[in-house]
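1. I would like to see how this sequence folds:
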Amino acid sequence: MSASPAASHDPIARWLKPGVVAAVACLMNGLVLLLDVPLVDPSEGLHATIAQEMVERGDWITPRLFGEPFRDKPILYFWAEALALATFGMRVAAFRLPGVLLAILGAAATGLLARRLFDARTGLIAAGFHATMLLPTALAQAPVHDVALVPLVTLAILGFWDADHAGAWRRRLAIGCGVGLLLGLIALVKGLPGVAVVGVAYGLFVVAARGPALMRLCLGRPTAADRGLPPLAPLVAVGVLSLVVGGLVAAPWYLVQEARDPGYLRYFFVARHVGGFTTGGQSHDGRPWWYYLPMLLVGGMPAVAYLPAAVIEARGRGGFDRRILLGGTLFFSAANSKLVTYVWPLFPPIAVLAAVVWGRLIAGTAAAAARSWSGWAVHAACLAGLPALPVAAIALRRFAGVEVPGVAWAAILPAAAVSLVPLALWRRGRPAAGVVAGWLAVAAQFLVLMTCLVAPWLRAISPRDLAAAFNARGSLPPRLVFVAERPYSFFFHLAPALRRGFTPQRLVTCSPDEARRFDDPRPGDVFVYPRSLAPAAEPAEEIGRWWLYAPKAVTAGPAAASLP
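-> The predicted model follows:
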C-alpha cells in the first residue's frame, strides 16, 4: 500500500480554502431547503406544529401543542423557528432555516476551535470534516433543538480556553461574561445537560493538563514546565462568573414560564433532568451504557477513522492529551435516558482530532505509523463509498417499496464511482488534494442521495396529501385515531381554520393491536392507518398511503399486525 508523503508543493492544495469548505458545508446542510423534502415525523413535525401555533396564537412565551403547554423543551429554538415562520410564511423551508444556519455555524465553530488550538490549516480541515460526517449531516436534514448546542457548546469551550490563557484580569472577566451568555443560551435551548457538557469537557481538559503538575507540586518536585502553567484561581473565578451570568440570562424566561404554568420548574428540572439521568419514565430510557459508542464510531465517519492515527501522534509527540475534548461521552453514557440527538455536541472533537492528523499528513510531519494507519483508513473509506449509493437504492426499494427510476440510476452509479478519486490522489502522494476531493465526493453522493432517494421516499410517506384532503372538505372528524404513526406534520399542513378548532382530546395514537381492542369508539371517529398495516376490512376511503376506517370496521375486523 502507498503511504502518502508530504505534498506541500501540491498545486491542488490551493483548493484547501475557506470558500471550498464553506461551499461544502452549505451544500451538505442547506440542500434540504432547495428540495421538496417533507417534514420528518414525529420530532420535526411536532416542533413545526408547536412553532406554527406560537405564531398563530401570538404567544411567544409558552410553547403549546393544540393549546396545551409543551413542557419538554425550553424556548430558544422554538423562538428561532417561529420567527422564521413569521418572517417567511408557513413553509417547510422557513421552519428548517434556523436549523440549517446553526448546522453551518456548528462547522464554522469547529473550525474556529481547531484554528485557535492549532493553526489555520487545521481549522479549515476540521470544519470540512464536521460538515461531511455521517450522523451530523443526517441529523441536520431534520434538525431539532440539539442542533443549536453544537456551536454554542463548542464556542463556550473555546471561551474557557481563551480565558485560561488570557493575561490581564479584565480580559479574563470579559471572556467570562461572554461564556456566561453562551451558557445562558444553552440553558434556554436544552436546560442544564448542555451546560454540564461544557463543564465536563473542560473539566477533563483541566485534569489532563494540570493534574500531573499539581501532583508534582504537592509532592514538592515540580518541573520548570509545571511552574509555567497558568494558575487555577483565575479559571475558577471565570467559571463562577460565567455561571452567574448564564443564570441571569436564562432565569427570566424560566421564572415567567413557572408563573404561567405552575409546576413547570419541578417537572423540567426534577422529573426531566434528574429523573431522566437516573431513573426511567421516558420512551428512550433503559438503553445500555454503550448505546452511544456505535453512533460515534459509525456516525463520525469518515473523520472517526483517523482517531487511531491521532492517538499515535499524541504518543509520539506528547502534550496532545490536553486537546482531547471527548469527556462528554462519559456524561451522556452514564445517563439512563439516551437519544441519538443527545451526542450531537460530541462530533466537533472528532473533527478536530482528525484534522490534526491530516494537517500533519499534508505538512509531511506525521509519524510513520500514523501515515500507515491513515492509508488504511483512506482505502477503507473510499472503497466503502463505492457501493453505498447502490445499496441504499436497493434497500429503499426492498424495504420501503420506493421505485428507483432509470434516470436516478444514471446519477447514482457515476456518483458512487466518484469515491475513488480521493483514493487515487492519496496513492499519488497528494493528501491536500485528496482530502478536498474526499469532501467533494461526499457532497456529490449526498446530492444524489437526497435528490434521487430520500426526497422521493419522504414524499411517499408524508401526510401532506391527507391534510390537503381534509382542507378541501373544510372540516375534521370529531376524533382522529392515528394507528402506528405520529404524523404531527399533518397538523402543520392543515388550514388555519381547522387547526384552530383542534384540541388534544381529538387526537389518539395507538398500535394496531390497541386499535383492535379500542374500548371507546365514538360515532364519527376516523381510524387512520398506513396502508402497509391496514386491517383486512375494506377502508371507507383511501388517500395516498393512508386508509381511513370507521370504528366498527377496525374493532370487528381480524387481528391487526403488531406495531413494529
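2. so where is the stretch 1-150 of the chain shaky, pLDDT-wise?
-> 1-14 (pLDDT under 70).
3. Which stretches in it count as helices?
-> 18-34, 43-57, 76-88, 92-117, 120-132, 134-140, 146-165 (DSSP state H, counting those that start in this stretch).
4. the inter-axis angle of the longest one versus helix 120-132?
-> Spelled out, that is helix 92-117. 150 degrees (axes from the mean of the first three to the mean of the last three CA atoms, to 10 degrees).
5. now helix 92-117: how far from the chain's centre is it?
-> 11 Å (CA atoms, centre = their mean, to the nearest Å).
6. packing partners for that helix?
-> helix 18-34, helix 43-57, helix 76-88, helix 120-132, helix 134-140, helix 146-165, helix 347-363 (3 or more CB pairs under 8 Å, 6 or more residues apart in numbering; DSSP states H and E). (Each C-beta comes from the backbone N, C-alpha and C, glycine too.)
7. now do the first one
-> In terms of contacts (3+ CB pairs under 8 Å, 6+ apart), helix 18-34 is packed against helix 92-117, helix 120-132, helix 134-140, helix 431-448.
8. Tell me where the stretch 401-550 of the chain has strands.
-> 480-483, 507-510, 526-530, 541-543, 546-549 (DSSP state E, counting those that start in this stretch).
9. And those: which comes nearest Arg428?
-> strand 526-530 (50.9 Å; CB to CB).
10. picking up where we left off before, with mean neighbour count and distance to Leu466 as extra columns, can I get the helices of the stretch 1-150 of the chain in CSV?
-> Converted to CSV, those look like this (neighbours: other CB atoms under 10 Å; distance: least, CB to CB, whole Å):
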stretch, mean neighbour count, distance to Leu466
helix 18-34, 19, 22
helix 43-57, 22, 12
helix 76-88, 20, 21
helix 92-117, 23, 16
helix 120-132, 27, 35
helix 134-140, 21, 26
helix 146-165, 24, 28
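11. Export these to a markdown table and append columns for distance to Leu296.
-> Shown next, in a markdown table, are these (distance: least, CB to CB, whole Å):
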| stretch | distance to Leu296 |
| --- | --- |
| helix 18-34 | 19 |
| helix 43-57 | 21 |
| helix 76-88 | 23 |
| helix 92-117 | 15 |
| helix 120-132 | 14 |
| helix 134-140 | 8 |
| helix 146-165 | 14 |
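12. list the helices and strands the biggest helix by length in the chain packs on?
-> Assignment by DSSP state H gives helix 368-400 as the longest helix of the chain. Judged by 3+ CB pairs under 8 Å, 6+ apart, the packing partners of helix 368-400 are helix 307-317, helix 347-363, helix 406-417, helix 420-427, helix 431-448, helix 455-461.
13. Any stretches of the protein with poor pLDDT?
-> 1-14, 204-232, 274-290, 314-340, 555-564.
14. residue closest to the middle of it?
-> Nearest residue to the geometric centre of the chain (CA atoms, centre = their mean): Leu139, 4.2 Å.
15. Now for that residue: which residues touch it?
-> 146-147, 340-341, 344 (CB atoms under 8 Å, 6 or more residues apart in numbering).
16. circling back to that earlier point, out of the helices and strands packed on helix 92-117, nearest to Gly194?
-> Nearest of the helices and strands packed on helix 92-117 (CB to CB): helix 146-165, 5.0 Å.
17. just checking, next helix/strand downstream of the closest one?
-> The helix or strand immediately downstream of helix 146-165 is helix 169-190, counting by DSSP states H and E.
18. Look up how far Leu39 lies from Arg64.
-> 18 Å (CB to CB, to the nearest Å).
19. Thr87 against Pro98, yeah?
-> No: Thr87 lies out of contact with Pro98 (CB atoms under 8 Å); the separation is 10.7 Å.
20. Could I get the contacting residues of the closest residue to Ala369 other than its chain neighbours?
-> Spatial nearest neighbour of Ala369, excluding adjacent residues (CB to CB, 6 or more residues apart in numbering): Ile312 at 4.8 Å. Ile312 sits next to 367, 369-370, 373 when contact means CB under 8 Å, 6+ apart.
21. neighbours around Ala368, how many?
-> 10 (other CB atoms under 10 Å).
22. before we move on, back to that, which one of the helices and strands packed on helix 92-117 lies nearest to Pro530?
-> helix 43-57 (14.7 Å).
23. got the angle between that closest one and helix 76-88?
-> 60 degrees.
24. Using CSV, write out the CA atom coordinates for helix 43-57.
-> Taking C-alpha atoms only, helix 43-57 is exported to CSV below (Å, rounded to 0.1, in the frame of the first residue of the first chain):
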residue,chain,number,x,y,z
SER,A,43,-39.9,15.0,16.0
GLU,A,44,-39.7,17.5,13.2
GLY,A,45,-43.4,17.6,12.6
LEU,A,46,-44.0,18.1,16.3
HIS,A,47,-41.7,21.0,16.6
ALA,A,48,-43.0,22.6,13.4
THR,A,49,-46.6,22.4,14.7
ILE,A,50,-45.5,24.0,18.0
ALA,A,51,-43.7,26.8,16.3
GLN,A,52,-46.6,27.4,14.0
GLU,A,53,-49.0,27.5,16.9
MET,A,54,-46.7,30.0,18.7
VAL,A,55,-47.0,32.4,15.7
GLU,A,56,-50.7,31.9,15.2
ARG,A,57,-51.6,32.4,18.8
